[in-house]
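In: Structure, please.
(chains A and B)
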Amino acid sequence: MGKKRTIRTIPQERTPMVQRPAAERARDFTEVACGYAPGEALREASRCLLCPDEPCVRGCPVGIDIPGFIERLGEQDVRGAYEVLSATTLLPAICGRVCPQETQCEGVCTVGGTLEPVAIGRLERFVGDAAIAEGWASVPSAEPNTFHVAVIGSGPAGMACAADLAKAGCAVTVFEALQQPGGVLRYGIPDFRLPNEVIDAEIGKLARLGINFRCNTLVGRLFTVEQLIRDMGFHAVFIAVGAGAPSFMGIPGESLNGVLSANELLTRANLMRARDFPAVDTPLGTLGRVAVVGAGNTAMDALRVSVRSGAETVSCVYRRSRTEAPARAEELAHAEEEGVDFNWLTEPVAVQGDGERRVRGLLCRRMALSEPDASGRARPVPVPGSEFELECDTVVFAIGTSANGILGRTSQLELDERGYIRVDQDLETSMDGVFAGGDIVTGAATVIEAMGAGRRAAGSIKRYLGLAAAEAEHVPASDGDGMLFGLGPEQRGYARVHLA
Amino acid sequence: MAMTVVRPAAYEVVRRLDLSDVSFLVEVRDPDVARAARAGQFVMVMSHAGGERIPLTIADFDRERGTITLVIQAVGKTTREMQRELRVGASLHALAGPMGEPSRTEGVRKVVCVGGGLGVAPTYPVARAFKQSGAYVIGVIGFRSKDLVFWEDEFRAVCDELIVCSDDGSVGIKGLVTEGIAQAISRHADIDELIAIGPPVMMRGCAELTRPHGIRTVVSLNPIMVDGTGMCGGCRVRVGGRMRFACVDGPEFDAHEVDFDDLMSRLRRFRPEEKLALDRWEQGCRIAAPADVPSG
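Out: Below is the predicted model of the structure:
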């Protein structure tokens, strides 16, 4: 390397990523952000100071060696960068797209203290996409041990846990209730944010690790968690079924036709491809004028799917202000660019019907912000006499989810008072050998947090099976630094991540 | 290309029986589901990769043969296409289940099991489960006419009494299943429970009939679903003023608490899309039909 980089010598401006114009992209489901070209990636990589402090690594829920991969990228060694990433994450093309980097790695980037932070997520995506395009797969040939582990749920937590356990030589079976694997990545996140081909490619890598995916399998009903251990030969189980059950507000009119959950809208559009109806059989229905309640990432997805699915107008209704909106800044900006009308400080009071049990509008009232509440956000209070009707034909609730009760009802698992699965600090449940993580433990969180929980659970399961002590983790890849899969010898089988 | 990873079972159709021009029965191989299935549960089915996920109540299961039986009414595009395609040897694209809470049979000494039309099929395993749990089972099954009757022998084998009703009087007593229920109630003062499976209108009729008698009444609801696992909330129904998800809280609910108007209006939710899909499919069939086969 040449002269030491300083904040003065690096490119001052963050390298922009080409995005398709709002008017064009709002009509289809092709990806919005086009990704870096090699030259752009190289330039952005040169903005990393490779600082010894490495705050970004600590900012990452799974502790990716971020300076390590960026350094390789800067040396035009994309394959090498991919190897560094693969030591920690098998899913860089996904994480590079859907992680909230601005509050994680990029949020603590040293460069970001003075200039705009290094675009770590975009660089990760560049490397992940290159690996898919080139057919690279850094798949270690793990020496099999004798352990069988069942993973329930094929979303991000399940995938991350399965990957770590397969790398440690366990025979892993992932059970998925739907007809395709991927969980929320498949049914929830739309193609314009995460194309299906990327999910397929990343899952393909897991399959090459020897992970067995069994779709159409609803654990709890087809067989119970107890049966997995008692009758089916699994030595440990990881439950990663997600939170699942959509919440409604409990206001009048929620059973009118035209009212649906964001989960339903997204599952129809994404998993079932309803946007291609009638070429496929699952309908989306006539959306007309759409009002989406909520301002989180799921709400943004629902808004932007509606824009692309023939809605006449698309409005967001949120009881706090833009500042408090939980969605990522980028998603919010994209929704605004695509023509979504935002009604901040607005709370629904009732869904109004047309007399034939169809939605006619959403009765709302204006809110004002008061002192902060328990969540630290300004508490919205109604403005007296401010009711008004927002005319619409479709109302989508994107106000969160609660625990899916199927596993709780069909097993002896101990639940907390809200129905989530209770775990100890090692993510072990009240049942011996049964671990749980992700949204079914914490309530709805992000993809990367779920992946972090999956990796943490894998560490606990390895310890539970005695693998860490037995040094059964296998196959040092190419480098000889003693690191296996991103874990040093002293840490093998132990968690390096912390849930937010 | 979407990756498809399935359970080892291929969901193959091993038997088919046409019950009428618009209804048919298929016995599908799935040893796992056959082993786990209990009366009252349902499965989610996709007939092809671009198909809908539709809920079908399990009409029978045979653990030794490793099969489940589904009875399908060919009313829309999806089910008409299944009627055409699901011959012996064909396979479903996806089959997941069993889903929903099984029927509760404990503590019931005398029960009336009511099936109307195609609802007769899923009533059968419920009647059988009550019989196995030691209850005195009175079956009431209703059809439009004699030529649509099926599974009469099966019901006789698991019922202590069986009342067959037909709309036109061509078999059994003339009238709706409510006529049969009235007869059962008049003969038995000690009925603990009545369970009714059939069209919503019929189930509401049963609920209204039993309400003054104070007989606990259970109905099995079949609203529109996408995933069937509690994730989409499309199947929400109003029961006792509360929102419940039929897929995970049901499908069986207290009939006296169910808001049937709400259920029926929500079943009409995709009426325009259903018509469009069916018209389009029928048009495609006419174009594809060989000249010597009468079409339309």
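In: just for the chain, where's the confidence low?
Out: Just so you know, I chose chain A. For chain A, the stretches with pLDDT under 70 are A:1-3, A:138-142, A:468-500.
In: Chain B, not that one
Out: Scanning chain B for pLDDT under 70 picks out the ranges B:1-9, B:288-296.
In: And the helices in it?
Out: Assigned by DSSP state H, the helices in chain B fall at B:31-36, B:77-85, B:120-132, B:152-158, B:177-187, B:200-210, B:246-249, B:260-267, B:271-288.
In: Next one: the longest one, is it in contact with chain A?
Out: Yes. For helix B:271-288 and chain A, the contact criterion (C-beta under 8 Å from any C-beta of the partner chain) is met by B:Pro272, B:Glu273, B:Glu274, B:Leu276, B:Ala277, B:Arg280. Every residue, glycine included, has its C-beta placed from N, CA and C.
In: Next, the angle from that helix to helix B:77-85.
Out: Helix B:271-288 runs at 30 degrees relative to helix B:77-85, counting by axes from the mean of the first three to the mean of the last three C-alpha atoms, to 10 degrees.
In: What about the residue in the stretch 51-200 of chain A that chain B sits nearest to, how many residues nearby?
Out: Minimum separation of the stretch 51-200 of chain A from chain B (C-beta to the nearest C-beta) falls at A:Gln179, amounting to 4.1 Å. Around A:Gln179 there are 24 other residues, counting by other C-beta atoms under 10 Å in any protein chain shown.
In: ok, now which ones touch A:Tyr82?
Out: Neighbouring residues of A:Tyr82 by C-beta atoms under 8 Å, 6 or more residues apart in numbering or on different chains: A:Phe69, A:Pro92, A:Val127, A:Gly128, A:Ala130, A:Ala131, A:Trp136, A:Ser138.
In: quick one: the fifth one from A:Arg79, how far?
Out: A:Ala130 is 8 Å from A:Arg79, where distance means C-beta to C-beta, to the nearest Å.
In: still on that earlier bit, okay if I get the helices of chain B as JSON lines plus mean neighbour count?
Out: Formatted as JSON lines, the helices of chain B follow (neighbours: other C-beta atoms under 10 Å in any protein chain shown):
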{"stretch": "helix B:31-36", "mean neighbour count": "20"}
{"stretch": "helix B:77-85", "mean neighbour count": "19"}
{"stretch": "helix B:120-132", "mean neighbour count": "25"}
{"stretch": "helix B:152-158", "mean neighbour count": "16"}
{"stretch": "helix B:177-187", "mean neighbour count": "19"}
{"stretch": "helix B:200-210", "mean neighbour count": "21"}
{"stretch": "helix B:246-249", "mean neighbour count": "25"}
{"stretch": "helix B:260-267", "mean neighbour count": "18"}
{"stretch": "helix B:271-288", "mean neighbour count": "14"}
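In: thinking again about what came up before, return the subset of the contacts of A:Tyr82 lying in strands.
Out: Counting by DSSP state E, no part of those is found in strands.
In: just to revisit the earlier point, could you check which of A:Ala130 and A:Arg79 has the larger neighbour count?
Out: Between A:Ala130 and A:Arg79, counted using other C-beta under 10 Å, A:Ala130 has the larger neighbour count: 21 against 13.
In: pretty sure the more buried one contacts A:Gln76?
Out: No. Using C-beta atoms under 8 Å, A:Ala130 is not in contact with A:Gln76, being 11.5 Å away.
In: residues near whatever residue of the stretch 401-500 of chain A ends up closest to chain B, how many?
Out: Minimum separation of the stretch 401-500 of chain A from chain B (C-beta to the nearest C-beta) falls at A:Asn404, amounting to 4.9 Å. Residues contacting A:Asn404 under the criterion other C-beta under 10 Å number 24.
In: so who does it touch?
Out: Counting by C-beta under 8 Å, 6+ apart, A:Asn404 touches A:Val241, A:Gly242, A:Ala243, A:Gly244, A:Ala245, A:Ile440, B:Thr229, B:Gly230, B:Met231, B:Val248.
In: now the fourth one, nearest residue through space, not along the chain?
Out: Read it as A:Gly244. Closest residue in space to A:Gly244, ignoring its immediate chain neighbours: A:Asn404 at 3.4 Å, by C-beta to C-beta, 6 or more residues apart in numbering or on different chains.
In: what does the second one give?
Out: Taking C-beta to C-beta, 6+ apart as the measure, A:Gly242 lies nearest to A:Asp439, with 4.6 Å between them; neighbours along the chain are not counted.
In: okay but the one you found is in contact with A:Gly188, surely?
Out: No. Here A:Asp439 does not reach A:Gly188: they are 11.0 Å apart, not a contact under C-beta under 8 Å.
In: Have a look at the two and say which one is more surrounded.
Out: It is A:Asp439, of A:Asp439 and A:Gly188, that has more neighbours when counted by other C-beta under 10 Å, with 27 against 24.
In: So which residues make contact with stretch B:41-48?
Out: The contact list for stretch B:41-48 (C-beta under 8 Å, 6+ apart) reads A:179, A:221, B:33, B:52-58, B:68, B:70, B:78, B:81-82, B:85-86, B:92-102, B:222, B:225, B:227-228, B:251.
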